[in-house]
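A.B. asks: The following comprises the amino acid sequence and a computationally predicted model.
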Amino acid sequence: QVQLVESGGGLVQPGGSLRLSCAASGRTFTDYHMGWFRQGSGMQREFVAAVNWNGKRTYYEDSVVNGRFTISRDNEKNAVYLQMNSLRPEDTAKYYCAAGTNGEYIRHKVGYDFWGQGTQVTVSS
């Protein structure tokens, strides 16, 4: 089992920034690629960004991110981060951290085995 705990969400004005963190515990962190997904009210959970086990390769949903978000990981701290800049009201959602081993599906929910409880991000003036 891998336990994932997200933090860093909150209320931010349009154009603002937030940095989400996800702390992992349990199995060997470097066995997993890590991803961020989000789910707005009444919406499907969608892929946002992912990073491979050593942090050298990153993946983004360009239609969502559009160059505004950056994913990173710190394997010494067993943590993954999502830096979000230029936030928009449509970014309002609950953001979930996930860990997976099937790299073929790194952009898809099925590629992940463990999920956190999520952290709420609300972008509003």
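C.D. replies: Here it is on my side, so go on.
A.B. asks: Show the contacting residues for residue 45.
C.D. replies: 37-39, 96, 109 (CB atoms under 8 Å, 6 or more residues apart in numbering). Every C-beta, even on glycine, is put in place using the N, C-alpha and C of the backbone.
A.B. asks: As PDB, could you dump the C-alpha coordinates of stretch 95-106?
C.D. replies: Taking Å, rounded to 0.1, in the frame of the first residue of the first chain, the C-alpha atoms of stretch 95-106 are listed here in PDB:
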ATOM      1  CA  TYR A  95      -7.000  18.000  -7.000                       C
ATOM      2  CA  TYR A  96      -5.900  14.400  -6.400                       C
ATOM      3  CA  CYS A  97      -2.400  12.900  -6.200                       C
ATOM      4  CA  ALA A  98      -1.900   9.400  -7.500                       C
ATOM      5  CA  ALA A  99       0.800   6.800  -7.700                       C
ATOM      6  CA  GLY A 100       1.000   4.100 -10.400                       C
ATOM      7  CA  THR A 101       3.300   1.600 -12.000                       C
ATOM      8  CA  ASN A 102       1.800   1.100 -15.500                       C
ATOM      9  CA  GLY A 103       3.600   3.700 -17.500                       C
ATOM     10  CA  GLU A 104       1.700   2.900 -20.600                       C
ATOM     11  CA  TYR A 105      -1.300   4.600 -19.100                       C
ATOM     12  CA  ILE A 106       0.500   7.400 -17.300                       C
END
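A.B. asks: now that stretch: how far from the chain's centre is it?
C.D. replies: 10 Å (CA atoms, centre = their mean, to the nearest Å).
A.B. asks: Also stretch 32-45?
C.D. replies: 7 Å.
A.B. asks: Counting neighbours, which bits of it end up buried?
C.D. replies: 32-38, 45 (16 or more other CB atoms under 10 Å).
A.B. asks: Could you do stretch 69-76 as well?
C.D. replies: 69-71, 73.
A.B. asks: Make CSV from those and add secondary structure, distance to residue 121 and pLDDT to it.
C.D. replies: Below are those laid out as CSV (DSSP: H, G, I helix; E, B strand; the rest coil; distance: CB to CB, whole Å; pLDDT from 0 to 100):
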residue, secondary structure, distance to residue 121, pLDDT
69, strand, 11, 98
70, strand, 15, 98
71, strand, 15, 98
73, strand, 19, 97
